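# pasting the sequence and the predicted model now:
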Amino acid sequence: MFFLKIILNLLSLIISVVIKIRNLFFDYRLIKIQKSKIPVISVGNLNIGGTGKTPHVIFLIKLFVDEKNISVISRGYGRIGNKTKKVILKKFNHIEVGDEPLEIKSNFINSKLEVYVSNFRYEGVKLIENEKKCDLIILDDGFQHRYLHRDINILLTLYDKPFYDDRLFPVGKLRENRSYVKRSDIVIVTNCPNNLEKRKRKIIKSNILKYSTSPIFFTSVKYLGFFDKKNKKINNINREKKYLIITGIANPNYIYEYLKKIGLNFEKINYKDHYNFKISDIKEILSLSKKFDYIITSEKDWFRLKHFNKFFNNFDKFLRLKIEIKFTDENQKIYFHSIISKLLSK
């Protein structure tokens, strides 16, 4: 164990040096940074794994969709191929564009929002600029993608695992050293409890301000309830029934805690984040489902599971748990909007 610790620390040191050199190349423009004609907001994080980037992108879109024509660029994690594409719900599935772009697009079917997948984000930008319909671009998971200039850098960090209590990979789960929080224009502490104490808020702010003087906001998850395959809300969830929870997300514990809180009797199967289900998995799920009254999955997982619709045609047990992001204090909403507007006007 002692020698393993030494090896991990050495690897972490080497990675730290490589990251520092890379960032210096960007800082001194030894690597070219492309700039869009359209304002760009990036939403990202320092750590490996989930901090709620996609739900926060959706949250950001909802704040501005009525006043701006927005386009989102995502890498489309987990998809096959790297071609830049515009996401069309009826044309593409998660294998072609990834699950998160589909989730974003499906939340704004009746709006002008466009979603693109592009490994090289500037290719996505050029496609958007050529269409001449957009006045705001949002990057999903763009904090480390420094090849593209952004007008606003929003950094997310988890309430129960903030970056200042973590270390660089492989010792910890950070993709970059804590010091690079200085690139952020706004910091959002995510997955906070609804009744976040002022004392705790003050401690968190104090720790973040050691690394950045950016404005700090706090958000929590609001559970919108359960929806069936036809997107119809189930108003009365039966607590006497048995539920099987299927997830393939970075941190499903928040879902488990919510289901316990509302008194559901459930068992769980968790796959790795962005897991691409195989036919054998689907057959196993269908076999297991015989012991349960319903299967519950997250919205993101549903876009991977629905690829196997032919197996679920006569299967009405599926429920999707929908969420949205909210500020822990609604007074923050006006302040947040004003800061975004001010930064975009520079």
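Thanks, I have it.

# elements contacting the lowest-mean-pLDDT helix or strand in the chain?
Among the secondary structure pieces of the chain, namely its helices and strands, helix 309-312 has the lowest mean (mean pLDDT, DSSP states H and E), a mean of 72. Where contact means 3 or more C-beta pairs under 8 Å, 6 or more residues apart in numbering; DSSP states H and E, helix 309-312 is packed against helix 279-289. Backbone N, C-alpha and C define where each C-beta goes, glycine included.

# buried sites along the helix it packs on?
Judged by neighbour count using 16 or more other C-beta atoms under 10 Å, the buried positions of helix 279-289 are 281-282, 285, 289.

# and what of stretch 212-229?
Taking 16+ other C-beta under 10 Å as the neighbour-count basis, stretch 212-229 is seen to contain the buried residues 212, 214, 216-221, 226-227, 229.

# please enumerate the helices of the stretch 201-346 of the chain.
Along the stretch 201-346 of the chain, counting by DSSP state H, counting those that start in this stretch, helices occupy 253-261, 279-289, 299-305, 309-312, 331-344.

# now what about the longest one, what contacts it?
Helix 331-344 is contacted by residues 39, 41, 63-64, 136, 151-152, 185-186, 215, 217-218, 327 when judged by C-beta atoms under 8 Å, 6 or more residues apart in numbering.

# so how far is the least confident helix or strand of the chain off the chain centroid?
Its chain's average C-alpha position is 27 Å from that of helix 309-312, according to C-alpha atoms, centre = their mean, to the nearest Å.

# give me the contact list for it.
Defining contact as C-beta under 8 Å, 6+ apart, one finds that helix 309-312 is touched by 229, 279, 282-283, 286, 305-306, 318.

# what average pLDDT does the lengthiest helix in the chain get?
Among all segments of the chain classified by DSSP state H, the helix with the greatest residue count is helix 2-27. Here the mean pLDDT over helix 2-27 is 94, rounded to a whole number.

# just checking: what are the partner strands of whatever helix or strand comes next after that helix?
Scanning forward in sequence from helix 2-27, with DSSP states H and E defining helices and strands, the next element found is strand 40-45. If you go by DSSP bridges, strand 40-45 pairs up with strand 136-140 (parallel), strand 152-158 (parallel).

# for Leu259, give me its contacts.
The contact partners of Leu259, by C-beta under 8 Å, 6+ apart, come to 243, 245, 266, 296.

# so Gly50 is in contact with His274, correct?
No: shown here, Gly50 and His274 do not form a contact pair, counting by C-beta atoms under 8 Å, at 10.2 Å.

# mutual contacts of the two, please.
With C-beta under 8 Å, 6+ apart applied, the contact sets of Gly50 and His274 do not overlap.

# now distance to Glu103 too, for the helices of the stretch 201-346 of the chain, in CSV please.
Rendered in CSV, the data for the helices of the stretch 201-346 of the chain read as follows (distance: least, C-beta to C-beta, whole Å):
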stretch, distance to Glu103
helix 253-261, 15
helix 279-289, 20
helix 299-305, 5
helix 309-312, 17
helix 331-344, 22
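
# deepest-packed of those, please.
Per residue and on average, the most neighbours among the helices of the stretch 201-346 of the chain fall to helix 299-305, with a mean of 23 (mean count of other C-beta atoms under 10 Å).
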